[in-house]
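Engineer: Have a look; sequence and predicted model below, questions after that.
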Amino acid sequence: MHAPSNSFLDVAHKYLSALGTPRSLTVALLIKHGEWDQVVSLTCDPLSYTDAERYFLDACATSFLRKMEGLPTTFDLEAIALKAFNAAEMQCCRTNSRLSHFLYSGSLNRHEAALLPLVEGIRKDVKRLLGEIPNELDPRHGPGATFSDRGSAVSAIHKMSSSPTMTSSVSSLIPLWGRTAWSRGLVESHPNRSAPRVIRGNRFTTVPKDATKKRGIAVEPSLNVAYQLSVGRLLRKRLHRWGIDLDHGQVRHRRLAGDASRKGHLGTIDLSAASDTVSRNLVKLFLPADWYSLVETLRSPMTLVGGKWQYLEKFSSMGNGYTFELETLVFASIVRACARHLHVHLDSMNFGVYGDDVICPTELCRSVLSAFAYFGFTPNLSKTFVEGSFRESCGGDYFGGFSVRPH
């Protein structure tokens, strides 16, 4: 990290001066005195505003440098990501322990017994949605790295030419993989690389998030992720049965959020570390046995963190080829179960789930947030709005119907 150039400081000064609010003056003074930690840690609470334009100007000043890399802050971004990884694992451990009563205990306490109809409703709903498991899986390569393919050598050509990696559970799919062009090509062109190498799991790494932290992800073995992506595509298709479109859903979410900021009839919910807190027992509890067996076979049971292998309490992390679809399924099933319990009708005009971005009627939000908490999730309070004139979803910020997403 190094001090920003004079040209950068000049641009920042002109931008903040043009905004012309007390907040922009505060940011300019912090920059002038080199208080970079404070600059990128400032927040702007929309619930403290009554005017969309005033909020927008202050949000622009507050967020101007939020995602700039290389600022001379004192944050250890790698350490923060690792701390978040461990905190999510502890949270999943507690959830696994709590939900084990539904899976393995012969008796439930009074609170658990009261929740049993909700759990059973979720299980039936998910079973109807998913239907039969596929007879065939069509592996594909994603754009990112794998456990053994890294750096610039991550194209499909590189992945199909390198020695494949897999966890031991995927060995049952080797006959299926042997019929693919990928396998045949290796046997013909690179026979010394054609036998997949068994490894324990995935590898922890980080990607940029903002100036205060990095996001932890996991890089999967190549065979695992190729088949995970196949399952993810299938889950994506099945979710259409609930009116959830993960290919184009962001546009609809932003439209609903804009309407809700005017009418107040819908709440927008966001969860912290959502994919990292989908616990193993939660997936086992919600999914039919055959589907659980399929996704369990393809997941990585361990992560290589700091040179040491660690068994996972979470089910899957970002980097797994079906994590996004699976978490969408989990959150949507909880919302639908709460709606049935409270006799609230859901349709395309008042309901949407896109990963951990949730939209539902405001009269449902308290029940949904309570259910999320029980099943091991934590709402991101800085991005969850169920009252007032502000709503946020899928990259869209709206105040009283006006788009106020900062630059």
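Structural biologist: Sure thing, it's come through. Residues are numbered from 1 along each chain as shown.

Engineer: who does the helix or strand hosting residue 218 pair up with?
Structural biologist: Assigned by DSSP states H and E, residue 218 belongs to strand 213-219. In the sheet, strand 213-219 lines up against strand 202-210 (antiparallel) (DSSP bridges).

Engineer: re earlier: so how far is the strand holding residue 218 from its chain's centroid?
Structural biologist: Centre-to-centre, strand 213-219 and its host chain are 11 Å apart (CA atoms, centre = their mean, to the nearest Å).

Engineer: C-alpha coordinates for that strand, CSV please?
Structural biologist: C-alpha atoms of strand 213-219 as CSV (Å, rounded to 0.1, in the frame of the first residue of the first chain):
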residue,chain,number,x,y,z
LYS,A,213,-12.0,-6.6,4.1
LYS,A,214,-11.5,-9.4,1.6
ARG,A,215,-14.0,-12.1,0.9
GLY,A,216,-13.1,-15.7,1.7
ILE,A,217,-13.8,-18.3,-1.0
ALA,A,218,-12.7,-21.9,-1.6
VAL,A,219,-11.2,-23.3,-4.7
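
Engineer: Run through who's touching it.
Structural biologist: With CB atoms under 8 Å, 6 or more residues apart in numbering as the test, strand 213-219 has contacts from 75, 77-78, 80-82, 84-85, 144-147, 150, 202-209, 276, 300, 303, 317-320. Backbone N, C-alpha and C define where each C-beta goes, glycine included.

Engineer: how does it look with 7 Å?
Structural biologist: Strand 213-219 is contacted from outside by 77-78, 80-81, 84-85, 145-147, 202-209, 300, 303, 317-319, using CB atoms under 7 Å, 6 or more residues apart in numbering.

Engineer: Give me the buried entries from these.
Structural biologist: With burial judged by 16 or more other CB atoms under 10 Å, the buried subset of the contacts of strand 213-219 is 77, 80-81, 84-85, 145-147, 202-206, 209, 300, 303, 317-319.

Engineer: what about the strands in the stretch 301-407 of the chain?
Structural biologist: With DSSP state E, counting those that start in this stretch, the ranges of strands along the stretch 301-407 of the chain come out as 302-305, 308-311, 352-354, 357-361, 378-379, 390-393, 396-399, 402-403.

Engineer: Which of those sits closest to residue 268?
Structural biologist: The closest of the strands of the stretch 301-407 of the chain to residue 268 is strand 390-393. By CB to CB, the value is 4.6 Å.

Engineer: partners of that closest one in the sheet?
Structural biologist: In the sheet, strand 390-393 lines up with strand 396-399 (antiparallel) (DSSP bridges).

Engineer: contacting residues around the partner strand?
Structural biologist: 46, 52, 55, 254, 257-258, 261, 389-391, 403-405.

Engineer: ok, of the residues you listed, which come out buried?
Structural biologist: 46, 52, 55, 254, 257, 258, 261, 389, 390, 391, 404.

Engineer: what separates the first one from residue 405, distance-wise?
Structural biologist: Read it as residue 46. From residue 46 across to residue 405, the span is 12 Å (CB to CB, to the nearest Å).

Engineer: Check the contacts of strand 396-399 and tell me the two furthest apart.
Structural biologist: Within these, 55 and 254 form the most distant pair, 17.4 Å apart (CB to CB).

Engineer: burial of the closest residue to residue 9 other than its chain neighbours, as a residue count?
Structural biologist: Here the nearest residue to residue 9 in space, its sequence neighbours aside, is residue 31; by CB to CB, 6 or more residues apart in numbering that works out to 6.9 Å. Counted by other CB atoms under 10 Å, the residues lying close to residue 31 total 21.

Engineer: Can you give the contact residues for the helix or strand residue 31 falls within?
Structural biologist: Secondary structure from DSSP H and E places residue 31 in helix 22-32. With CB under 7 Å, 6+ apart as the test, helix 22-32 has contacts from 9, 12, 13, 16, 38, 39, 42, 58, 61, 62, 64.

Engineer: Break down the stretch 151-300 of the chain into its strands, ranges please.
Structural biologist: 165-166, 197-198, 202-210, 213-219, 266-272.

Engineer: right, and the ones you listed - which one's nearest residue 333?
Structural biologist: Nearest of these (CB to CB): strand 266-272, 14.4 Å.

Engineer: list the buried ones in that closest one?
Structural biologist: Buried residues in strand 266-272, counted by 16+ other CB under 10 Å: 266, 267, 268, 269, 270, 271, 272.

Engineer: Show me which of those residues is closest to residue 347.
Structural biologist: Taking CB to CB as the measure, residue 347 lies nearest residue 266 of the buried residues of strand 266-272, at 11.9 Å.

Engineer: didn't that closest one look like it was pressed against residue 260?
Structural biologist: Yes - at 3.7 Å, residue 266 counts as touching residue 260 under the criterion of CB atoms under 7 Å.

Engineer: May I see the buried ones among the contacts of strand 396-399 arranged in CSV, with distance to residue 118 and pLDDT as well?
Structural biologist: What follows is those, written out as CSV (distance: CB to CB, whole Å; pLDDT from 0 to 100):
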residue, distance to residue 118, pLDDT
46, 32, 97
52, 38, 97
55, 37, 98
254, 30, 97
257, 27, 98
258, 31, 98
261, 30, 98
389, 32, 97
390, 30, 98
391, 27, 98
404, 36, 98
